[in-house]
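Visitor: Coordinates only, no sequence provided:
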């Protein structure tokens, strides 16, 4: 698997305190935070969501949206969450890894991916907290409550094609008089 990072960090395109106005949703489908699709306003928590999806993608060896998968595996995040709730979290690990991984490390990456990609931005960790979890400076609570809302995601089942990214950017801003 060859991972690519491209349009992450959108929350830093605008200065703090400025009110960005975008007319098009920009990002890679599957990595776009639910609130970003509703408001069009990137926030640091939008980047945390995208990072969580990246963690899940790397650990599972598949893209966030697999249109040709069985319905329960269409959305990576939902599939991982369902396996975690059944107590079968390691079932989602990339089969190409075989047995050559440290169980605790993969579990941490998967759980952290789920926590980062929660649908409610207020309950996502900050990137500082994510780094602390990854460094072992803080422990991720195993029974962390995951907050998800099915209504936050696109209705992908009704689509015929699944674009992997949107490559147009349009931004407009109004300023006062002359």
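Guide: That came through, no problem. Remember, predicted model here, so these are calculated numbers, not experimental data.

Visitor: use CA for all of it now, contacts and neighbours both
Guide: OK.

Visitor: So which bits of stretch 83-94 are buried?
Guide: Judged by neighbour count using 16 or more other C-alpha atoms under 10 Å, the buried positions of stretch 83-94 are 84, 89, 90, 92, 93, 94.

Visitor: for stretch 33-44, same thing?
Guide: Buried residues in stretch 33-44, defined by neighbour count with 16+ other C-alpha under 10 Å: 33, 34, 35, 36, 37, 40, 41, 42, 43.

Visitor: Which of the residues you listed sits closest to residue 125?
Guide: Using C-alpha to C-alpha, residue 43 comes nearest to residue 125 of these, at 12.9 Å.

Visitor: Need phi/psi at that closest one.
Guide: Residue 43 adopts backbone torsions of phi -130, psi 160, taken as degrees, to the nearest 10.

Visitor: Please work out the average pLDDT along the lengthiest helix in the chain.
Guide: For the chain, the longest helix by residue count, based on DSSP state H, is helix 44-60. Per-residue confidence for helix 44-60 averages out to 94 on the pLDDT scale.

Visitor: which residues touch it?
Guide: 3, 8-12, 30-33, 35-36, 63-64, 76-77, 92-95, 106, 109-110, 112-118, 121-122, 124-127 (C-alpha atoms under 8 Å, 6 or more residues apart in numbering).

Visitor: what's the angle between the helix or strand encompassing residue 112 and helix 44-60?
Guide: Assigned by DSSP states H and E, residue 112 belongs to helix 103-116. Taking axes from the mean of the first three to the mean of the last three C-alpha atoms, to 10 degrees, helix 103-116 and helix 44-60 form an angle of 150 degrees between their directions.

Visitor: what is the mean pLDDT for the next helix or strand after helix 103-116?
Guide: Following helix 103-116 in sequence order, the next helix or strand is helix 127-135 (DSSP H and E). When the per-residue pLDDT values of helix 127-135 are averaged, the result is 94.

Visitor: Run through this structure and note the low-pLDDT ranges.
Guide: For the chain, the stretches with pLDDT under 70 are 1-27, 142-178.

Visitor: Please repeat the previous calculation with a cut-off of 80.
Guide: Across the chain, the stretches falling below the confidence threshold (pLDDT under 80) are 1-29, 37, 69, 71-72, 141-178.

Visitor: that older thread, show me which residues of the following helix or strand past the longest helix of the chain are buried.
Guide: The first helix or strand that comes after helix 44-60 along the chain, using DSSP H and E, is helix 76-85. In terms of neighbour count (16+ other C-alpha under 10 Å), helix 76-85 has its buried residues at 76, 77, 78, 79, 80, 81, 84.

Visitor: Skipping adjacent residues, who's closest to the third one in space?
Guide: Nearest residue to residue 78 in three dimensions, chain neighbours excluded: residue 72, at 7.6 Å (C-alpha to C-alpha, 6 or more residues apart in numbering).
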